[in-house]
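Chemist: 3D model of this:
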Amino acid sequence: MREEILQSEAVAEPALFWDSLKTGILVLVIGLFGFWNGNVLLIPSLAPSAIYQVLRPDLPSSRCSNLILGHVIGIFAALVSLGIFNAQNDPSILVASTASLNRIWASALAVAMTVFLQRAARNFHPPAAATVLLLTTGALQSRWSNVRELLSGLLLMTLVAEIFRRFQNSRVRQPPR
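Modeler: Numbers count the residues shown, from 1 in each chain. Next up, the predicted model:
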């Protein structure tokens, strides 16, 4: 992943500025929209997705379908794993300062399931693994309202990132001759 995002060639200063600004705007839009609606849409696992969207929009893992389906697969795997190990009611790592064995097993299974299902669906999106761990460790409670807010933030970010992508592509295209 590091090689995908960080390239050995020097980045032009304007691109450095604009890429940083666009990434910040993606996070800001999600945060403000959630604030105005009284929801928490600013979920930590969306930041790596935002970076992918801005810095490497050309990667298959940055496609809208990969972004959305990758996180949906991760959410599914986390919820199933929590159910298998009956870990959803165990204390969160934020409260207990450590993970229960059930949460550790659920985390391992959920990450493995996420990789398997993403690869099988050919919709690989590595930042979704962070979503998995947020849910399986209890840092984000596995309630429907939290899942709904996560998906809302994800869809909003995908929409804004696609607007950025289309604007950038329209500026790069050569006029017809």
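Chemist: going by C-alpha atoms from here, please, whenever you check contacts or count neighbours.
Modeler: Noted.
Chemist: and V29, what does it touch?
Modeler: Applying CA atoms under 8 Å, 6 or more residues apart in numbering to V29 gives the contacts M157.
Chemist: 6 Å instead?
Modeler: V29 is in contact with no residue at all, counting by CA atoms under 6 Å, 6 or more residues apart in numbering.
Chemist: remind me which helix or strand it belongs to.
Modeler: Per DSSP states H and E, V29 falls inside helix 13-37.
Chemist: tell me which residues of that helix are tucked away?
Modeler: 19, 22-23, 25-27, 29-31, 33-34 (16 or more other CA atoms under 10 Å).
Chemist: following that helix in sequence, what is the next regular element?
Modeler: helix 46-55.
Chemist: buried residues in that next one?
Modeler: Buried, per 16+ other CA under 10 Å, within helix 46-55: 46-47, 49-55.
Chemist: pLDDT and distance to F124 for those residues - can I get that in a markdown table?
Modeler: Listed next are the buried residues of helix 46-55 as a markdown table, based on pLDDT from 0 to 100; distance: CA to CA, whole Å:
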| residue | pLDDT | distance to F124 |
| --- | --- | --- |
| L46 | 89 | 15 |
| A47 | 89 | 17 |
| S49 | 90 | 12 |
| A50 | 89 | 15 |
| I51 | 90 | 15 |
| Y52 | 87 | 12 |
| Q53 | 87 | 14 |
| V54 | 87 | 17 |
| L55 | 87 | 17 |
